[in-house]
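Colleague: I would like the atomic coordinates for the input below:
(one chain, ligands or ions: 2)
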Amino acid sequence: MRIVVLTGGIGGARFLLGVRAYAREMGAEVTAVVNVGDDLYLHGLKVCPDLDSVMYTLGGGADPERGWGRVDETWTVKSELAAYGAEPTWFGLGDRDVATHLVRTTMLNGGYPLSAVTEALATRWQPGVRMLPATDDRLETHVVVSDPDGGGQRAIHFQEWWIRHRAGLPTHRFVFVGAETAKPAPGVLDAIAAADVVLVAPSNPVVSIAPVLAVPGLREALADGSAPVVGVSPIIGGSAVRGMADRCLAVLGVECSAAGVGALYGGRSSGGLLDGWLVAPEDAGAVVPGVPVRAVPLLMTDEAATAAMVRAAVELA
Ligand code: GDP
Ligand code: CA
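Modeller: Ligands and ions are numbered 1, 2, ... in the order given. As a prediction, this is how the structure comes out:
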């Protein structure tokens with residue numbers, strides 16, 4: 001069996017722990033197609049937050065409390081940069097983490113595409129799933145906000161909106177810069193074509209899954225592919241469990257509910273994404289037109305609970 005997972009960072013990485021456990025039991029192969037919309041350059045270094053969350057989590061090097069970055073992290077580089085007054089100061093760049101960004105940036109500057117760099121980094125971490133960036137091209141999520149210094153509007157990088165401003169600015173829309181000309185990374189379309197099932201991780205639908213789907217050709221490959229596409233709701237009982245997905249959904253005017261996100265993805269029969277939608281027991285009444293809905297516990301408390309979610313998703317497929 002071949003499983004493809006569309007995923008963001010922290011929620012997606014936790015989900016992938018369950019996918020990997022399920023796949024080991026079933027002898028299945030897993031390919032994760034990871035969001036790159038959060039990627040940015042900081043102090044000259046290329047940082048890929050979602051790829052790193054997936055790589056560190058599956059490689060056993062993630063900080064379990066914070067959810068992002070490295071375990072046993074220290075922050076000397078960050079405080080030395082702050083001592084220079086070097087902006088931005090709001091992004092947490094840990095010392096161990098910096099090594100990853102140095103290797104990545106050096107390889108990118110040497111001409112390797114991000115997909116090759118990701119594969120090279122994974123040699124150390126052995127994540128047990130194939131990690132592919134959605135695209136090797138620049139595709140960055142920017143956020144159009146009301147300019148606090150004037151009457152107009154201004155676009156800022158998603159990370160500045162999310163981390164520095166805690167998604168608290170008056171916000172108008174999200175823009176995936178570079179999406180028009182981005183191409184799926186090598187291996188992405190082949191993985192989708194060869195998949196027996198495609199799972200949409202319970203990741204942020206607006207800023208983790210939407211940028212993946214914004215890569216031209218990717219959505220079409222899913223729609224035309226023979227593999228059923230089953231999504232897992234990131235919203236349980238009207239709340240985002242962890243994080244601020246509710247803020248992102250509000251910008252789109254989408255209700256923060258399992259039904260709201262299901263409808264945002266849409267059913268494949270009406271030009272949308274889904275052949276099935278997994279929701280939590282408290283959302284068992286959720287209706288998504290044209291999409292079979294099944295309710296199972298969706299709290300990713302540990303690997304076994306998450307693997308049970310994956311099993312239910314595959315069964316629904
Ligand atoms: P990010 O890129 O680091 O923001 O991570 P993702 O986009 O992959 O995942 C964030 C989303 O995971 C949040 O918006 C939550 O709604 C969802 N999430 C977090 N924990 C759980 C959980 O235990 N169960 C479910 N169903 N969703 C969760
Ligand atoms: Ca992310």
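Colleague: neighbouring contacts of stretch 177-186?
Modeller: With contact meaning Cβ atoms under 8 Å, 6 or more residues apart in numbering, stretch 177-186 is reached by 113-115, 132-142, 211, 214-218, 221. (Each C-beta comes from the backbone N, C-alpha and C, glycine too.)
Colleague: from those, which ones fall inside strands?
Modeller: Among the contacts of stretch 177-186, the ones falling in strands (DSSP state E) are 132, 133, 140, 141, 142.
Colleague: Mind telling me which residue of the stretch 1-150 of the chain is nearest ligand 2?
Modeller: Of all residues in the stretch 1-150 of the chain, residue 9 sits closest to ligand 2, at 3.7 Å by Cβ to the ion.
Colleague: pLDDT score assigned to that residue?
Modeller: Residue 9 carries a pLDDT value of 94.
Colleague: Show me what residue of this protein gets nearest to ligand 1.
Modeller: Of all residues in the chain, residue 11 sits closest to ligand 1, at 2.2 Å by Cβ to the nearest ligand atom.
Colleague: where does the protein dip in pLDDT?
Modeller: By pLDDT under 70, the chain contains no weakly predicted segment.
Colleague: Let me see the ranges of the strands in it.
Modeller: Using DSSP E, strands in the chain cover 2-7, 29-34, 40-42, 45-47, 130-133, 140-146, 153-157, 171-177, 197-200, 229-232, 276-279, 293-295.
Colleague: in its sheet, what does the fifth one sit against?
Modeller: Strand 130-133 pairs in its sheet with strand 29-34 (parallel), by DSSP bridges.
Colleague: which helix in the chain runs the most residues?
Modeller: Ranked by residue count, the top helix of the chain under DSSP state H comes out as helix 10-26.
Colleague: In space, what's closest to the residue in the stretch 101-250 of the chain that ligand 2 sits nearest to - neighbours in sequence excluded?
Modeller: For the stretch 101-250 of the chain, the residue closest to ligand 2 is residue 208, as judged by Cβ to the ion, at 5.2 Å. Spatial nearest neighbour of residue 208, excluding adjacent residues (Cβ to Cβ, 6 or more residues apart in numbering): residue 8 at 2.5 Å.
Colleague: Count residues in the vicinity of that neighbour, would you?
Modeller: Neighbours of residue 8 under the rule other Cβ atoms under 10 Å: 30.
Colleague: Report the contact partners of it.
Modeller: 34, 35, 38, 50, 201, 203, 204, 207, 208, 209.
Colleague: repeat that with 10 Å
Modeller: When contacts are counted by Cβ atoms under 10 Å, 6 or more residues apart in numbering, residue 8 touches 15, 34-35, 37-38, 49-50, 53-54, 201-205, 207-212, 234, 243, 245.
Colleague: Report the entries of these that also contact ligand 1.
Modeller: Applying Cβ under 6 Å from any ligand atom to those, one finds that 50, 53, 201, 202, 203, 204, 208, 234, 243, 245 fall near ligand 1.
Colleague: Closest one to residue 166 out of those, please.
Modeller: Nearest to residue 166, judged by Cβ to Cβ, of those is residue 243 at 11.0 Å.
Colleague: Wait, the closest one touches residue 162, no?
Modeller: Yes. Look at residue 243 against residue 162 with Cβ atoms under 10 Å: they come within range, at 9.2 Å.
Colleague: didn't residue 131 look like it was pressed against residue 123?
Modeller: No. In this structure, residue 131 is not within contact of residue 123 by Cβ under 10 Å, at 11.3 Å.
Colleague: Of these two, give the one with the bigger neighbour count.
Modeller: Taking neighbours as other Cβ under 10 Å, residue 131 and residue 123 compare with residue 131 leading, 23 against 7.
Colleague: ok now do the more buried one, which residues does it touch?
Modeller: Contacts for residue 131 (Cβ under 10 Å, 6+ apart) come out as 7, 16, 30-34, 51, 54-55, 58, 115, 118-119, 121-122, 125.
Colleague: cool, and residue 91?
Modeller: The contact partners of residue 91, taken as Cβ under 10 Å, 6+ apart, are 40, 42, 43, 47, 49, 78, 81, 159, 160, 163, 164.
Colleague: Check residue 154 too.
Modeller: So residue 154 contacts 142, 143, 144, 145, 146, 147, 148, 169 (Cβ under 10 Å, 6+ apart).
Colleague: Show me what it is bridged to.
Modeller: Beta-bridge partners for residue 154, by DSSP bridges, are residue 145.
Colleague: cool, and residue 171?
Modeller: Applying DSSP bridges to residue 171 yields these beta-bridge partners: residue 145.
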